[in-house]
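Engineer: here you go, sequence then predicted model.
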2 protein chains.
Amino acid sequence: MSTPLTVGNTRVKEARKLSRRSVRTERRLFLADGPKAVEGALAVDGCVVEVFATPLALEQHADLLAGATVTLVDDRALASLSDSVSPAGLVALCRHIDAPLDRVLDVSARLLAICADVRDPGNAGNVIRTADAAGADAVVLAGSSVDAYNPKTVRSTVGSLFHLPFAVEADPAVVVRAAQARGLTVLAADGAGEVDLFDAHLSGPTAWLFGNEAWGLPDELAALADHRVAIPIHGRAESLNLSTAAAVCLYASARAQRA
Amino acid sequence: MSTPLTVGNTRVKEARKLSRRSVRTERRLFLADGPKAVEGALAVDGCVVEVFATPLALEQHADLLAGATVTLVDDRALASLSDSVSPAGLVALCRHIDAPLDRVLDVSARLLAICADVRDPGNAGNVIRTADAAGADAVVLAGSSVDAYNPKTVRSTVGSLFHLPFAVEADPAVVVRAAQARGLTVLAADGAGEVDLFDAHLSGPTAWLFGNEAWGLPDELAALADHRVAIPIHGRAESLNLSTAAAVCLYASARAQRA
C-alpha cells in the first residue's frame, strides 16, 4: 500500500481549492464528502475522478470502494478536504453532473421542482433530497440559487444529488416558459397565492416553482406561473421554512399523481 | 435617555450566561433574539422580564417595544447576547413558558407533535414552526430532545415558540400513554412503518411521534404507538429530513381533520 498523501501534497492542495465556487465552476469539478455522497457519486457513470480516503476508511468501506480509484491520504489531509466537523474519512473528487435544461425537461417529466434564488445550501440540498423522495423527475436550480456543488448543499442532499437529473439555469423565466412549452403546469408556491394547495388540481404534469427563503418569488416571475398556490396556515405562524413548504407541495403532487 | 449598558455591565453579563443550558434550566430564563421572537414573547403574558435593545433598534422597533421594559445596551453588549451573525439589535430576557404535560394534553386537543430525542436545534425549531402552521394544538419535547430554549431552536421557530403551548417531558413513553389516555391515536412516524401515510386514517384526534434525526424511534417506544406510519419514498432517497417528514405528516393530518 502506498504512503498516504499529506496536507501539503499538490493533488490534495488542488482538490482543496474546490471549496471555492469559482474554482469549482472553472474546473467543473467538486468534492463529495462522506460514504452516502461517495456511494451516490460512484453509481453515476464517469462522475468520480478519484476517491481520497484514509487507510482506516478504505478498510471500513472496502465494499463501497471496490473498483474505485482510491488515493490514500492521512487524517489531516482528509480533514482539509472535508467541511464536516467529524469527517468520515472519504471524499470523492467528482466531475459536474448537471444536465442541459432540455434534457431535464424531458417530454415524459411529470413532476419537477424549480428553485428560483434559493440561497441557503441546506434548503437547496433538502429540496433536492425531498424531490428525490417524492419521485420528482428532476430539479432545476435557477437564478441566483446557491451552487449545487457547494459542500453543504451536497451533504444535505444525503446522496440525492446523484439520484435525479438536475439543471442549472441563470434565468428562472426561461425555465418556467420551457416547462410550459413541454406541457407542464407551473405552480408558484406563494404564501399569498389565490389557490389553496389542497384545492389545487395536482394530478397532471406539474412543475413547482419555489422562491427565496426571505422574500419569496418576484412578482413578475410568479405572474408567469399558471397558478399561485398557498399552503394553508391554520395557526399563527407567518410562513413555513422554504424546504418544508417544498416538501408539503411535492408530496401533495405525488399523492395526487399516484392516486 | 439613559446611557446604554456596555458589555462589562453585570446585568448584561448575567444575561449572557443564559447561553448555557444549565443556567437557563436553573434560572428558568432564556433569551429571545430578534424582532419576530421579541414580538412573540411580548404577546405572552408575564413572559418578558426586559428587552435589551440598542438605541437604533429602539427607534426602528418603537411600535413593537411600546409598553415593554427596555434596557438600552450598546452594539457590542447586544452582540454578546445574540448568537446571530448579524444581530437585529433587540433581545428579550424571558421566563420559561413550557406548560405541564397535563395542560398541553387538554381534552380538546386534536393534533399534537411529540419529539422524542430530536437533537438538532434547527430541526426541533422547525417542527414547532410547522406544527403552528398546520394548526396543531401543542408540541411536546420528550426524552433527550434539544432544549426548547436553545437560541438556535428559538430562532428557527420564527416566533412560533410563543404561539402554541409546549411541554417538556423526560420520558417519551409517559407522553405516549398520556396522549392515548386522552383519546388521541398515537402515530409513530417511521420509515419502516406498516401503514402508508396516505392510506392512514387521519381524521380523528392524533398525536404524531417523531424520533431522532439519525436513528429514528427506539423499537420499544414505536411499539407503544397505535400504528407505525411511513411516508412513501417514490424515488431513490433513503429517508427524509426529520422536520421535513414531520411537515408532511402534520399537513396530511390537518388536511384530513379539516376536510
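Structural biologist: Okay, I see it. Residues are numbered from 1 along each chain as shown, chains lettered A, B, ... in the order given.

Engineer: so where's the stretch 51-200 of chain A shaky on pLDDT?
Structural biologist: Along the stretch 51-200 of chain A, no part satisfies pLDDT under 70.

Engineer: so the helix ranked longest in chain A versus helix B:242-257, what angle?
Structural biologist: Longest helix of chain A, by residue count under DSSP state H: helix A:242-258. In terms of direction (axes from the mean of the first three to the mean of the last three C-alpha atoms, to 10 degrees), helix A:242-258 departs from helix B:242-257 by 50 degrees.

Engineer: list the helices and strands helix A:242-258 packs on?
Structural biologist: strand A:111-116, helix A:121-133, strand A:185-189, strand A:206-210, helix B:121-133, helix B:242-257 (3 or more C-beta pairs under 8 Å, 6 or more residues apart in numbering or on different chains; DSSP states H and E). C-beta: built from backbone N, CA, C; applies to glycine.

Engineer: list the buried residues in it.
Structural biologist: Buried residues in helix A:242-258, defined by neighbour count with 16 or more other C-beta atoms under 10 Å in any protein chain shown: A:242-257.

Engineer: contacts only, for residue A:67.
Structural biologist: Going by C-beta atoms under 8 Å, 6 or more residues apart in numbering or on different chains, residue A:67 touches no other residue.

Engineer: smallest gap between the stretch 1-150 of chain A and chain B, at which residue?
Structural biologist: In the stretch 1-150 of chain A, no residue comes nearer to chain B than residue A:135, which is 2.8 Å away by C-beta to the nearest C-beta.

Engineer: backbone phi and psi for the residue lying closest to that residue once chain neighbours are set aside, please?
Structural biologist: Spatial nearest neighbour of residue A:135, chain neighbours left out: residue B:234 (2.8 Å); criterion: C-beta to C-beta, 6 or more residues apart in numbering or on different chains. Per-residue torsions, residue B:234: phi -90, psi -20 (degrees, to the nearest 10).

Engineer: now stretch A:152-172, how far from the centre of its chain.
Structural biologist: 2 Å (C-alpha atoms, centre = their mean, to the nearest Å).

Engineer: what does the stretch 101-250 of chain A put close to chain B?
Structural biologist: A:126, A:129-136, A:156, A:158-160, A:163-164, A:198, A:231-241, A:243-244, A:247-248 (C-beta under 8 Å from any C-beta of the partner chain).

Engineer: show me where the stretch 51-200 of chain A has its strands.
Structural biologist: Along the stretch 51-200 of chain A, the segments classed as strands by DSSP state E, counting those that start in this stretch run A:70-72, A:90-95, A:111-116, A:138-142, A:166-169, A:185-189, A:195-196.

Engineer: what comes into contact with the last one?
Structural biologist: Strand A:195-196 is contacted by residues A:227-230, A:232 when judged by C-beta under 8 Å, 6+ apart.

Engineer: swap in the fourth one?
Structural biologist: Applying C-beta under 8 Å, 6+ apart, the external contacts of strand A:138-142 come out as A:99, A:101, A:104-106, A:109, A:112-118, A:124, A:127-128, A:131, A:148, A:164-172, A:174-175.

Engineer: so how far is the longest helix of chain A from its chain's centroid?
Structural biologist: 16 Å.

Engineer: and for stretch A:46-63?
Structural biologist: Offset of stretch A:46-63 from its chain centre (C-alpha atoms, centre = their mean): 22 Å.

Engineer: what about it, how long is it end to end?
Structural biologist: When the termini of stretch A:46-63 are compared using C-alpha to C-alpha, to the nearest Å, they are 19 Å apart.

Engineer: now do the buried residues in it.
Structural biologist: For stretch A:46-63, the buried set under the neighbour-count rule, 16+ other C-beta under 10 Å, comprises A:47-48, A:51-54, A:57-58, A:60-61.

Engineer: now swap in stretch A:196-207 and tell me
Structural biologist: Buried residues in stretch A:196-207, counting neighbours by 16+ other C-beta under 10 Å, are found at A:197-198, A:200, A:202, A:205-207.

Engineer: out of the residues you listed, which one sits closest to residue B:179?
Structural biologist: residue A:198 (25.7 Å; C-beta to C-beta).

Engineer: so what's that closest one closest to, chain neighbours aside?
Structural biologist: Closest residue to residue A:198 apart from its sequence neighbours, by C-beta to C-beta, 6+ apart: residue B:255 at 5.2 Å.

Engineer: residue in the stretch 151-259 of chain A nearest to chain B?
Structural biologist: Residue nearest to chain B within the stretch 151-259 of chain A (C-beta to the nearest C-beta): residue A:234, separated by 2.7 Å.

Engineer: my read: that residue touches residue B:255, true?
Structural biologist: No. Between residue A:234 and residue B:255 there is no contact under C-beta atoms under 8 Å: 10.1 Å.

Engineer: and stretch A:182-196, how far out from the chain's middle?
Structural biologist: With C-alpha atoms, centre = their mean, you get 21 Å for stretch A:182-196.
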